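J.: What follows is a predicted protein model with its sequence.
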Amino acid sequence: MARLASSSPLYEKVSLKNDGKRAVEFFILLLLASLLVYRLLNLDGCGFVWAVAMACESWFTFIWILTFSTKWNPIAYRTYPHLLSLREEREFPPIDMFVTTADPALEPPFITVNTVLSLLALDYPADKLACYVSDDGCSPLTYYSLREASEFAKSWVPFSKKYRVQTRAPFRYFPDQDSKVESSSEEFRRAYHAVKEEYEKMCQKIAAAGQKTSPCDLTGDFAEFSNIDRRDHPTIIKIIREDKDGCDPDGIPRLVYISREKSPKYHHNYKAGAMNVLTRVSGLLTNAPYMLNVDCDMFANNPQIVLHALCLFLGTESEVDCAFVQCPQKFYDGLEDDPFGNQMVVLYEFMGRGIVGLQGPFYGGTGCFHRRKVIYGAWPDDSCNRTSLKPIGKGKDMDMEELVKGFGSSKELVRSASYALEGRMEPVSLKGLSAFFEAAHQVASCAYEDDTEWGKEIGWMYGSTTEDVLTGLNIHRKGWRSVYSTPDPPAFLGCAPNGGPAAMTQMKRWATGLLEILVSRKSPVYATLFGKLQFRMCLAYVWLLVWALRSIPEITYALLPAYCIITNSHFLPKVNEPAMVIPTLIFVTYNIFTLFEYFQVGLSVRAWWNNHRMQRVTSACAWSFGVLGVVLKILGVSQTVFEVTRKDSSAPGEGEKVPDGKFTFDNSPLFIPGTTLVLVELTALVMMVLGLRPQAHGGSGTGIGEVICAVWVLLCFSIFVRGLLEKKGGIPLPTVFKSAALATLFVHFSIFTSRA
Ligand SMILES: O=c1ccn([C@@H]2O[C@H](COP(=O)(O)OP(=O)(O)O[C@H]3O[C@H](CO)[C@@H](O)[C@H](O)[C@H]3O)[C@@H](O)[C@H]2O)c(=O)[nH]1
Ligand SMILES: [Mn+2]
């Protein structure tokens with residue numbers, strides 16, 4: 001495709017480096033180093049506590065080095081889609097859009113429908129778009145809802161394009177617009193009320209269908225859903241909307257529903273498995289060179305997002321610079337001051353942009369545009385074969401036999417894959433829909449991937465519950481770079497889980513999946529040694545993949561003040577020692593510095609504090625179970641699982657929502673570490689106040705430092721203190737008892753070791 005004259009580039013790359021911040025970060029690094037030196041110099045006679053503290057602090061220094069390196073050169077991309085709009089429509093490449101959903105109860109079809117509607121209404125020639133929905137829940141309600149949505153799209157798509165609606169997910173658009181509409185033109189008002197009425201009808205139908213055991217009679221078009229077991233059923237593929245008369249750029253994109261075959265005999269590999277089926281089925285029908293994928297709750301919030309992404313794909317000098325375009329995950333209905341610390345704004349802004357300045361953003365699983373050929377395992381053109389794995393897709397010398405080995409036995413799929421790898425844009429010409437159905441059922445079956453490269457070298461990678469990071473890493477390993485797109489308004493918005501069990505479970509899954517990658521053969525260390533992953537990119541990946549491991553030193557360090565108070569010893573210098581300056585400075589500088597970062601992106605002190613303390617809670621409670629999960633997997637005791645996050649439905653009449661920012665507890669063992677920590681610190685402080693402690697050895701008893709630290713830990717875990725006191729919504733008694741038992745053990749252990 002011809003590129004525009006270089007005088008009007010489609011995008012710009014801007015460096016956001018900030019020398020002041022670099023200096024402070026370096027200063028903190030120096031402080032950490034001097035603390036370690038101080039510990040080393042005073043090793044004699046200090047014993048166990050000293051060594052433990054030093055080990056933890058070495059780890060924190062290591063993490064800081066990773067952070068420091070990653071944040072060094074933050075980058076932003078600015079894209080100019082209006083320049084792209086000047087081009088002829090026929091120059092625009094086709095895009096396949098994938099939506100995954102897995103459970104109609106945790107992910108209400110109403111939400112999926114809104115996401116799909118927002119995609120169908122994107123500002124892009126409709127005949128170049130196709131939307132594929134994968135339903136791992138095999139739910140007739142989801143299918144029913146999508147059919148209704150497709151009907152409604154007939155009014156919604158032209159309406160939103162004609163009036164340049166910004167938010168094209170109706171459930172977000174209408175409530176927001178109601179107050180403004182009365183001051184608009186007569187014509188708009190009429191159109192608005194008409195389309196709103198249709199929308200409400202659709203909602204009512206979906207809600208009514210959701211109330212019944214099955215949404216309608218499971219006959220006719222629905223017959224395949226009757227008596228179905230979602231864990232054991234044949235493939236269901238439905239073309240909800242096809243492109244009958246060929247090209248109509250002003251029409252409505254194609255919409256396809258897929259529920260892949262499931263069988264207890266085959267592991268379905270969760271989302272990665274679903275994505276691979278979507279890739280194959282779409283390869284047969286449309287075979288677009290670019291693929292957008294979103295989670296079912298991540299609606300398109302910027303209707304121009306495809307154009308923004310194409311600015312990057314088409315504007316980069318060489319393909320190697322842009323394997324995929326990732327948009328950051330942002331959330332709608334974000335609670336004020338981020339009480340659960342899961343909006344990740346600051347994380348994306350500084351760490352995220354820093355990574356963008358390295359080899360490009362990690363793949364985040366949603367809001368991402370991929371090149372199909374990269375997903376098909378292609379290497380950048382100039383690459384030499386540095387690993388034992390054969391590079392696929394080297395243009396002319398493509399070997400048919402190799403392709404069948406990689407892509408499986410479907411002739412149609414192999415042909416379409418060879419087109420994609422060669423960069424030819426046409427889809428395979430299947431003779432009519434029945435030929436398509438036959439081939440599509442074949443590639444969506446459980447057994448299709450046997451003895452192929454799917455999940456290993458082709459498609460979304462298997463073996464981690466964070467398949468996104470693993471898949472992205474495998475792309476970066478080949479030397480590809482990726483690009484970040486942050487248009488205004490934000491490209492996609494999704495829903496962040498509420499605080500409590502849902503958020504903790506999600507964090508546990510992430511930590512587990514990330515650690516699975518670190519200990520696997522696909523780890524970034526190998527990728528740097530034997531592949532083309534850049535060294536500092538490797539450090540950035542390590543920073544992410546060690547999330548779970550960070551829980552161990554963090555819990556240990558949080559226990560140290562309690563241990564010292566109980567045993568009347570110390571792990572910090574005394575107030576009268578000059579060395580006390582070092583930990584004090586670290587504490588003060590670090591906190592002021594991070595606070596400043598929150599101010600930089602316009603957030604409040606409260607948001608900073610919430611994130612800081614929730615980080616400690618997540619680490620102690622969720623990440624620690626990530627370590628446990630992976631250890632059990634390595635020992636062969638149990639497998640890791642992908643537990644789907646509950647999405648709160650804003651569907652009208654779907655019951656009450658509780659977005660009051662209150663952290664809730666349940667019986668899950670995830671809450672035991674936090675409860676135990678709180679009980680231990682409290683016990684220590686009480687023992688100190690009541691004078692129940694042993695005499696200090698030679699005047700080296702607990703100092704003020706340890707007491708401040710214990711109080712700080714209690715402040716960080718204050719939701720647990722509250723949870724202990726509250727009857728309703730507090731920590732369940734069984735959890736309290738288990739934690740109390742652990743806390744008692746710890747106190748006895750401490751006293752025992754100090755006597756020994
Ligand atoms: O067996 C499964 C399990 C999940 N999903 C889909 O995967 C997506 C993500 O699931 P969710 O429960 O929302 O997980 P999150 O933790 O919110 O997802 C984040 O983290 C995942 C990796 O852990 C990535 O895959 C996601 O893209 C990213 O948004 C959803 O659309 C699900 O429908 C499936 O299709 N099949
Ligand atoms: Mn999600």
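T.: Now that the structure is in, tell me what you want to look at. Ligands and ions are numbered 1, 2, ... in the order given.

J.: Pull out the buried positions in stretch 32-41.
T.: Residues of stretch 32-41 classed as buried by neighbour count (16 or more other C-beta atoms under 10 Å): L32, L35, L36, Y38, R39. Where C-beta positions appear, they are placed from N, C-alpha and C, glycine not excepted.

J.: Using a markdown table, please lay out those residues together with distance to ligand 1 and pLDDT.
T.: Formatted as a markdown table, the buried residues of stretch 32-41 follow (distance: C-beta to the nearest ligand atom, whole Å; pLDDT from 0 to 100):
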| residue | distance to ligand 1 | pLDDT |
| --- | --- | --- |
| L32 | 31 | 98 |
| L35 | 35 | 97 |
| L36 | 35 | 97 |
| Y38 | 41 | 96 |
| R39 | 38 | 95 |
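
J.: Please flag which of these sit within helices.
T.: Counted as lying in helices by DSSP state H, out of the buried residues of stretch 32-41, are L32, L35, L36, Y38, R39.

J.: Correct me if wrong: the last one contacts M54.
T.: What it means is R39. Yes - with contacts counted by C-beta atoms under 8 Å, R39 reaches M54, the gap being 4.3 Å.

J.: okay, the ones in helices among the buried residues of stretch 32-41 in TSV with distance to L690 next?
T.: As requested, these are exported to TSV (distance: C-beta to C-beta, whole Å):
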residue	distance to L690
L32	36
L35	33
L36	36
Y38	33
R39	32
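
J.: of all the residues you listed, which comes closest to Y448?
T.: Among those, L32 lies closest to Y448 (C-beta to C-beta), at 51.9 Å.

J.: you'd agree that closest one is up against F62?
T.: No - the pair L32 / F62 is not scored as a contact, 9.5 Å apart, by C-beta under 8 Å.

J.: so the residue of the stretch 251-400 of the chain found nearest ligand 2 bridges to which residues?
T.: Nearest to ligand 2, among the residues of the stretch 251-400 of the chain, is D295, at 4.9 Å (C-beta to the ion). D295 has these beta-bridge partners by DSSP bridges: T100.

J.: separation between it and T466?
T.: 13 Å (C-beta to C-beta, to the nearest Å).

J.: F671 now?
T.: 23 Å.

J.: what packs against the worst-scoring helix or strand of the chain on mean pLDDT?
T.: Of all helical and strand segments in the chain, the minimum by mean pLDDT, DSSP states H and E falls on helix 81-85, at a mean of 89. Helices and strands touching helix 81-85, by 3 or more C-beta pairs under 8 Å, 6 or more residues apart in numbering; DSSP states H and E, are helix 305-315.

J.: Mutual contacts of D295 and T466, please.
T.: Taking C-beta atoms under 8 Å, 6 or more residues apart in numbering as the criterion, D295 and T466 both touch G365.

J.: in the stretch 551-700 of the chain, which spans are helices?
T.: 581-600, 605-618, 624-634, 672-689 (DSSP state H, counting those that start in this stretch).

J.: Would you indicate which residues of the longest one are buried?
T.: When you say that, I think you mean helix 581-600. I582, P583, T584, L585, I586, Y590, L595, E597, Y598.

J.: quick revisit: buried ones in the least confident helix or strand of the chain?
T.: Buried residues in helix 81-85 (16+ other C-beta under 10 Å): P81, L83, L84.

J.: Same check on stretch 450-469?
T.: Neighbour-count burial for stretch 450-469 [16+ other C-beta under 10 Å]: 452-469.
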